[in-house]
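Student: give me coordinates for this.
(chains A and B)
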Amino acid sequence: MAETTIDIRTASPVRHAAEVYRRSLVAHLRSIVEYPADFWVMASSGALWQILQFAFIAILFANVSAVAGWGYHEMLLLIGFLTLTGGTTAMLCDGVWSIGSMVIKGEIDYRITRPAPVIVQVASTHVGMQAFGEVTLGAAMFVYGWIGAGLSPALIPVALLLLACGLVIEMALMTAMCAVNFWVKGTASIFGFILVDLQENVMRFPLGIYPAAVRVVATFVVPLGFASFVPVQILTSRLSAWWLIGPPVAAAATVAAAALVVRAGLRSYDSAGH
Amino acid sequence: MPILEARSLSKRFRRPDKGSGFKGALKHLVQRKYKNFTAVDAIDLSIEPGESVAYVGPNGAGKSTTVKLLTGILQPTEGTVRVMGRDPHTERIANAHDIGVLFGQRTQLWWDLPVEESLKLLKHMYGVSEADYKARIERFDELLGLGEFMPALARTLSLGQRMRADLACALIHDPKMVYLDEPTIGLDISVKDRLRAFLRQLVDDGTTLLLTSHDLADIEEVCERIVVIDEGRIAYDGPIEQLKAHYITTKAVNLILDGPADAEALAEKFPHYEWSAGEASSEVTATYESSRFTTAEVLGDLTAQLAPRDLSLSEPSIEDVIRRLYAGELTK
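Tutor: Take a look at the predicted model:
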C-alpha cells in the first residue's frame, strides 16, 4: 500500500494541519465499524429528530400560509440549510465537546507535545454519528424546499459558497463556545448546548418574527444570522447580491475570534495533577 | 552545549482557598480567596546530549510539574527553559519534533482505534518516512514485543501492553530528547525488566533521557546521573556513583553466633566498630567505616575472634540514601 507522506518540514503548516485533521477523522470513521449498532442508533435518532421538525413545519403550514412572509418551501430551505451546516459541524468537529473533560483530566498534555495545532487534534477525536441522519434529512429538506420555492439551478454555486461560510461560522462558534471550558472547569459544555439550542429553536424561524434587539444580536454580535438566515434571504432574493459579502466576512471574523479564545484557553491550561 | 537548560525555573499554582464543607463552598462563591502554591521553586538544570538523568523525589515534590515545564505543556511562572536552544512553550511545534514524551499514568493512544492506527496517525503527524517507520516498528517489535497487540484496540490492552505501545508512540519519530514520567508504574517484574533493557539500549544509542520513577531499580539500571527534588527544590544533583560514594560511607557485617550475642559486651571488646543487636538473640551487626577498614580486615578480625556460625555483608542501598535525602537528613 503506497501512502504519501508529506514532508512536514517543507509543507505549509496549514496543509499539514489539514492532513492531520483528515487522517484522524478518517481513522475514526473506520472505527465506527467497530460499533455498528451504536452508529445506526445514533444516525437514526438524528434522522428521527429531523423528521419531527419536518412534521412540525408541515402541521404549522397546514394552518397558516406564511410565517413573517416566509412560505412553506422557503421555511424548509431555511431549516434544511441550518440542519446541513449543523450536521456537518457535528461530523467534522464533534471532538470540541470533549475540551471540558480533556482539560479536567489533563488530556491536553500529550497534544501539546505533538507537532500539530492542539485544536485540530482535539476537534478530530470524535465523529458525531447522529450527524449522518441529520445531514441526510437536512439535504432532503433543502433540495425539496429549493425545488418547491422554484429557485434557479444557476444559484447552486452561490448556495455552495453560502453553505461553506455557514459551516465555517458554525464550526468556529462551536469551537469558541466549547473552549470556554478551559476556564469553566466542567465536563459539560454549557455554552455549546446554548449554541445548539439557539440554532435549533431560535434560528429555525425567520428572524423577522423576533424583536429588533434579538435580530441585531443574532446577526452582528453572535453572527448566527450569517450562518443561515442571511444566506437563505439572499437565495430567495429578499436581500440584494451585495449581502453576499456578509457571510465570508462573518466567517473570517468568527474564525479569528475562535482562534483567540482557544489560544487564551491553552495559555491558561494548567494540566491535572502536579 | 547542553541539550536542555532550565534556569531558575519556578511554577506557582493558584488554588482556591475554600473553607470546609458546604458553608465554605458558599462563602467561596461570594468572597473568593486563593492561595499560591509553589510546585517548582527556582530550579536550575542542565542536561548534556546523551546523558541519562533520573529525576526523583517523593510524591508531590514537583517532578511531574517540572516535566510539564520542560516539555512546554505548562508555562513557567518565572525562569526559562531551552531545549536545543528553543523555548518549548512558544516554539511548541518545532520543539515537538525533537522531543518524545511518556506519562505513565496516561495514554496517548487513540482509545477506540487499533494500536497500529495510533502509530500511523503519529507517523503522519511527525512526517516519518515509510522506510524509517517500518524500521522502527520492527525494532520496537523485537525489543518490546509490539507485534502481538498491534491490531488490538487500545482500550482492550493490558497495562503492560499499553505502556509498551505508549513507549513506541513516544519514540516513533526518533526524538533526541526523551522524557519518561513513571514509565514502569504498575508493571510486573518481567515487563519492567523488558522496559529497562529497552531504555538502556536507547541510552546506548545516544538518546538523551530524563526519567522520573519511584522504582529505584529503574534509576540504577538506566541512569548515570540523579537529580533529587524535594518540595520543589533540587536536593541533590550528580552522578549516582558519587551519591553512593559520598553518602554510603559505612558497611555492615551481620553475624549469627553460636550462643546469645551481647552487643554491649562486643562494643567494649571491639570499640572501633558500631554494634547493634539483631532480630534473634544470636544475631548481631557490626557497622564499620569503609574508609578506615577493608572488608577483608573486618571479616578476618571477627571470624578469628568470634567464630560465627554464619555471616553476611550488607551496605546501605541507594534506596536508603534517597530515603534519608527525602527525610532531610542529608544535605548537599
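Student: from here on, contacts and neighbour counts on C-alpha atoms
Tutor: Fine.
Student: where does pLDDT dip in the chain?
Tutor: In the absence of a named chain, chain A is used. Within chain A, the ranges that satisfy pLDDT under 70 run A:1-10, A:273-274.
Student: nope, chain B please
Tutor: Within chain B, the stretches with pLDDT under 70 are B:329-332.
Student: mind running it again at 50?
Tutor: B:332 (pLDDT under 50).
Student: near chain A, which residues of it are found?
Tutor: B:39, B:60, B:62-65, B:71-75, B:92-97, B:99-101, B:108, B:112-113, B:117, B:121, B:124-130 (C-alpha under 8 Å from any C-alpha of the partner chain).
Student: from those residues, keep the buried residues only.
Tutor: The neighbour-count test (16 or more other C-alpha atoms under 10 Å in any protein chain shown) applied to these identifies B:39, B:62-65, B:71-75, B:92-97, B:99-101, B:108, B:112-113, B:117, B:121, B:124-130 as buried.
Student: from what I can see A:M75 touches A:L207, true?
Tutor: No - contact criterion C-alpha atoms under 8 Å: A:M75 and A:L207 do not qualify, at 11.6 Å.
Student: give me the more crowded residue out of these two.
Tutor: A:M75 (24 against 19; other C-alpha atoms under 10 Å in any protein chain shown).
Student: in chain B, which residue sits nearest chain A?
Tutor: Closest residue of chain B to chain A, C-alpha to the nearest C-alpha: B:I93 (4.5 Å).
Student: around the closest residue to that residue other than its chain neighbours, how many other residues sit close by?
Tutor: Spatial nearest neighbour of B:I93, excluding adjacent residues (C-alpha to C-alpha, 6 or more residues apart in numbering or on different chains): A:P115 at 4.5 Å. With neighbours defined by other C-alpha under 10 Å, the count for A:P115 comes to 24.
Student: so who does A:P115 touch?
Tutor: B:R92, B:I93, B:A94, B:N95, B:A96, B:H97, B:M125, B:Y126 (C-alpha atoms under 8 Å, 6 or more residues apart in numbering or on different chains).
Student: run a quick neighbour tally on residue 160.
Tutor: No chain was given, so I picked chain A. For A:L160, using other C-alpha under 10 Å, the count is 11.
Student: my bad, chain B
Tutor: Around B:G160 there are 18 residues (other C-alpha under 10 Å).
Student: same question, the one 3 residues further on
Tutor: As a burial measure, B:M163 scores 28 neighbours (other C-alpha under 10 Å).
Student: so which strand or helix has it?
Tutor: Taking DSSP states H and E as the criterion, the element that holds B:M163 is helix B:159-171.
Student: the helix or strand just after that helix: partners in the sheet, and parallel or antiparallel?
Tutor: Later in the chain than helix B:159-171, the nearest helix or strand by DSSP H and E is strand B:177-181. The pairing partners recorded for strand B:177-181 under DSSP bridges are strand B:99-103 (parallel), strand B:208-212 (parallel).
Student: centre of the chain to strand B:177-181, how far?
Tutor: 11 Å (C-alpha atoms, centre = their mean, to the nearest Å).
Student: what's the spacing between A:L52 and A:V143?
Tutor: 18 Å (C-alpha to C-alpha, to the nearest Å).
Student: now do the helices in the stretch 51-200 of chain A.
Tutor: A:72-93, A:99-105, A:109-112, A:118-123, A:130-148, A:156-179, A:190-197 (DSSP state H, counting those that start in this stretch).
Student: cool, the stretch 51-200 of chain B as well?
Tutor: B:63-70, B:92-96, B:115-126, B:130-144, B:159-171, B:189-204.
Student: return the distance of the shortest one from the chain's centre.
Tutor: Using C-alpha atoms, centre = their mean, we find the averaged C-alpha position of helix B:92-96 to lie 25 Å away from the chain's own average C-alpha position.
Student: ok, now stretch B:160-176?
Tutor: 18 Å.
Student: pull the CA atoms of that stretch into CSV?
Tutor: Output of stretch B:160-176 as CSV, limited to C-alpha atoms (Å, rounded to 0.1, in the frame of the first residue of the first chain):
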residue,chain,number,x,y,z
GLY,B,160,1.9,-3.7,30.3
GLN,B,161,0.9,-3.8,26.7
ARG,B,162,-0.4,-0.2,26.9
MET,B,163,2.8,1.1,28.3
ARG,B,164,4.9,-0.6,25.6
ALA,B,165,2.6,0.8,22.9
ASP,B,166,2.9,4.2,24.5
LEU,B,167,6.6,4.0,24.6
ALA,B,168,6.6,3.2,20.8
CYS,B,169,4.3,6.3,20.3
ALA,B,170,6.8,8.5,22.2
LEU,B,171,9.7,7.3,20.2
ILE,B,172,8.2,6.8,16.7
HIS,B,173,9.8,10.0,15.4
ASP,B,174,13.3,9.2,16.9
PRO,B,175,13.4,12.1,19.3
LYS,B,176,16.7,13.4,20.6
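Student: I am finished for the moment; much appreciated.
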